[in-house]
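Chemist: need a structure here:
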Amino acid sequence: MERWWHYLTPGPAQLATGLACLGVGLQRGRLPVVGPRVLDHWVAVVIGTGGGWYRTPAGRRLPVAAPAVLWLRPGVPHHYGPDRDGWSESFVDFTGSGTAGYAELGLLPDAEVVPLDTAEPALRVIAGIAAVCRRGGASAGPRAAAAVHQLLVELHRHRADLDPEGAPVLELLRRDACLPIPVAEHARRVGMTVEELRRAVRAAGGSSPKEYLLTERLNEAKHLLAAGGLPVAVVARRVGYQDPAYFTRIFTRRVGVAPTVFREREYRGGAGPGRATD
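Modeler: Below you'll find the model as predicted:
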């Protein structure tokens, strides 16, 4: 049996960033059973080899087979362990107000046991966190926290239980995002019902189709505005809005400044912001 772990105590400044790493561990072999217990923070336990079990708060015993990740949620009892032959696990403890946003994006799922198509990318990230902790120093906390973000992204990318059509659907939506058509027409173009499209986008992108399309439109609008040569009315039409006033209201509400202000602030084009007329 091999066991190594290291814990961090983030200060107020690190916690104020919204995400902080509390600890990391690497273990393998016939490890002891964990729990039943309750924690006040998140833990991602990545099972690289072997198998075992996880008992839900309701008492249901779920099988665990590598590669997989166990999600231990704050305030929720958990109880798990390897089979007789043992397993290898790498874990990261983390916390922060930003975890609510990660949950909303789907990167922190409700499921306790999530299968992976491969654990290697996540294990590399955790090994990097362990290396940072071994070296120590003033930057260990921020570097470990940055790697936790990467870990959450990798674990989402390699979920084996997601609809494999999710990523292609997102690409098709991105391609047609600026067309002035409703969500129902987007669903028809990808051969889905609106509800099927909603489920696919939520699973792969952590948002509704409407939100995903809006984000893509605003990204393109920012790109065009930063070039500086187009009137706002033209930019609005380019990204699917026939009414420039409505586009301006949407842009201002989501971005925080009006399109004209954004253009003046972010101008990177060759025509010059003064060349555009609105």
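
Chemist: Could you measure from residue 181 over to residue 268?
Modeler: Taking C-beta to C-beta, to the nearest Å as the measure, residue 181 falls 30 Å from residue 268. Using the backbone N, CA and C atoms, a C-beta is placed for each residue, glycine as well.

Chemist: can you check residue 73 too?
Modeler: Residue 73 is 43 Å from residue 268, by C-beta to C-beta.

Chemist: cool, residue 11 as well?
Modeler: Taken as C-beta to C-beta, the span from residue 11 to residue 268 is 37 Å.

Chemist: can you give me the helices in this protein?
Modeler: Along the chain, counting by DSSP state H, helices occupy 12-16, 99-104, 120-135, 140-157, 166-176, 183-189, 194-205, 209-227, 232-238, 244-255, 259-266.

Chemist: who wins for proximity to residue 31 among those helices?
Modeler: helix 120-135 (16.1 Å; C-beta to C-beta).

Chemist: List the buried residues of the closest one.
Modeler: Using 16 or more other C-beta atoms under 10 Å as the burial criterion, the residues of helix 120-135 that qualify are 121-123, 125-126, 128-130, 132-133.

Chemist: One more: stretch 238-257?
Modeler: Quick answer for stretch 238-257 (16+ other C-beta under 10 Å): 238-241, 244, 247-248, 250-251.

Chemist: Then stretch 36-45?
Modeler: Neighbour-count burial for stretch 36-45, counted by 16+ other C-beta under 10 Å, picks out 39, 41-45.

Chemist: what residues does it touch?
Modeler: Residues from elsewhere that reach stretch 36-45 (C-beta atoms under 8 Å, 6 or more residues apart in numbering): 22, 55, 69-80, 89-95, 99, 108, 122, 151-152, 155.

Chemist: Just the ones of those residues in strands?
Modeler: Using DSSP state E, 22, 55, 69-72, 78-80, 89-95 are the members of these that sit in strands.

Chemist: between these, which is closest to residue 147?
Modeler: Top of the list for closeness to residue 147, among those and by C-beta to C-beta, is residue 92 at 8.3 Å.

Chemist: In stretch 198-218, which residues are buried?
Modeler: Neighbour-count burial for stretch 198-218 flags 198, 200-207, 209, 212-214, 216-218 (criterion: 16+ other C-beta under 10 Å).

Chemist: Would you list the phi and psi of the spatially most central residue of the chain?
Modeler: With distances taken as C-alpha atoms, centre = their mean, residue 107 lies nearest the centre of the chain, 4.1 Å away. Backbone torsions for residue 107, taken as degrees, to the nearest 10, come to phi -80, psi -10.

Chemist: how far away is it from residue 203?
Modeler: Note on residue 107: its distance to residue 203, by C-beta to C-beta, is 12 Å.

Chemist: residue contacts, residue 113?
Modeler: Counting by C-beta under 8 Å, 6+ apart, residue 113 has contacts 54, 62, 64, 68-71.

Chemist: Of these, which count as buried by neighbour count?
Modeler: Among these, those classed as buried by 16+ other C-beta under 10 Å are 54, 64, 68-71.

Chemist: which of those residues lies closest to residue 160?
Modeler: Closest to residue 160, out of all of those and judged by C-beta to C-beta, is residue 68, at 8.4 Å.
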